[in-house]
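>>> let's see this in three dimensions:
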Amino acid sequence: MKTIETCGNNIFSLSCIFLFRILLLLQSAHSFLLLPLKHRRDRIRLFRSEDDHVKISQPILVTFDLDDTLFPIEPVIQDANSAMICHLCDELGFSEITQANLTETSTKIRQQLKNKEQMITYTELRKRAIKMETDKYKAVQSEGLDWKTVDQIYQIWETERHVAAERHLFHDTQEMLSSLRLSFQDGGIIVGAITNGKGNPFQMTSIERYFDFCVSGEDADVFPNRKPSEGIYEAALNRYRNLITSKRKMTQK
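Numbering: from 1, shown residues only. Alright, predicted model coming up:
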């Protein structure tokens, strides 16, 4: 099995016969995305060149990071934060809360957990910061917001994160993913996303069709083994194997 991980400057695991070729062709996700479309197609074709004597008995696995690979993360997070702050201010009356407040509170929570050698997910961190900040002002109820409301506020943030990610996709991300798929029309490729955060291509209508699975560092079978831990990659390989098994069962029916 050949596996390519295009996150940052990493290439995770692939067979030796493909290693040097991929190191030369895909030194980083950004350099690949910034190539003109024609050149990207040429490079993808090298995986399956006519003079290649390697017989691929099962699909190649290609995985992508999301943040700062398919889209720039800074404006995406800024947009998600703005949507959440607007809701807190306009709908719930927490006009005193700013993003700077939430960031400062998140930093304090991180430090406290670090001192105790504890870890929580990024989702839980955001929710705790929202709860702590709203408890300071208690604009809606004397006892502050309940956790159900906190979950709803967080969901506004996560929803806007995906909307913003689509809005800020690198200009030729879709062409690159489409070109990759078209170069393996015989089903010789499985494409996955591996991310530490809550980004999910299946929540992005413009690119969801190009992906077969997504693994997050917050998944139950991954956390706390986020990148660079090998645990998250093992989870991705399990998804790959399960897809292969499912496809084989479908063809046998």
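>>> quick check: longest strand of this protein.
Longest among the strand segments of the chain by residue count, using DSSP state E, is strand 189-195.
>>> partners of that one in the sheet?
In the sheet containing strand 189-195, its partner strands are strand 60-64 (parallel), strand 213-216 (parallel), by DSSP bridges.
>>> which element follows the first one toward the C-terminus?
Read it as strand 60-64. Scanning the chain past strand 60-64 towards its C-terminal end, the next helix or strand to appear is helix 73-86 (assignment: DSSP states H and E).
>>> pLDDT of that following helix, averaged?
Averaging the model's pLDDT scores along helix 73-86 yields 97.
>>> re earlier: which one of the strands paired with strand 189-195 is the most hemmed in?
Most buried of those by mean neighbour count (mean count of other CB atoms under 10 Å) is strand 60-64; its value is a mean of 25. C-beta here means a position set from N, CA and C on the backbone, and glycine is covered the same way.
>>> which residues touch the residue nearest to N200 when sequence neighbours are not counted?
Leaving out its chain neighbours, the residue that sits closest to N200 by CB to CB, 6 or more residues apart in numbering is C214, at 5.2 Å. For C214, the contacting residues are 192-195, 200-202, by CB atoms under 8 Å, 6 or more residues apart in numbering.
>>> swap in Q111?
Taking CB under 8 Å, 6+ apart, one finds nothing in contact with Q111.
>>> just to revisit the earlier point, tell me which of the strands paired with strand 189-195 sits nearest to L180.
Put simply, out of the strands paired with strand 189-195 the one that sits nearest L180 is strand 60-64, at 6.9 Å, with distance taken as CB to CB.
>>> C-alpha coordinates for the closest one, PDB please?
The C-alpha coordinates for strand 60-64 follow below in PDB (Å, rounded to 0.1, in the frame of the first residue of the first chain):
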ATOM      1  CA  ILE A  60      -3.300   4.400  -3.400                       C
ATOM      2  CA  LEU A  61      -4.100   6.400  -0.300                       C
ATOM      3  CA  VAL A  62      -3.500  10.200  -0.500                       C
ATOM      4  CA  THR A  63      -4.300  12.300   2.500                       C
ATOM      5  CA  PHE A  64      -4.400  16.100   2.900                       C
END
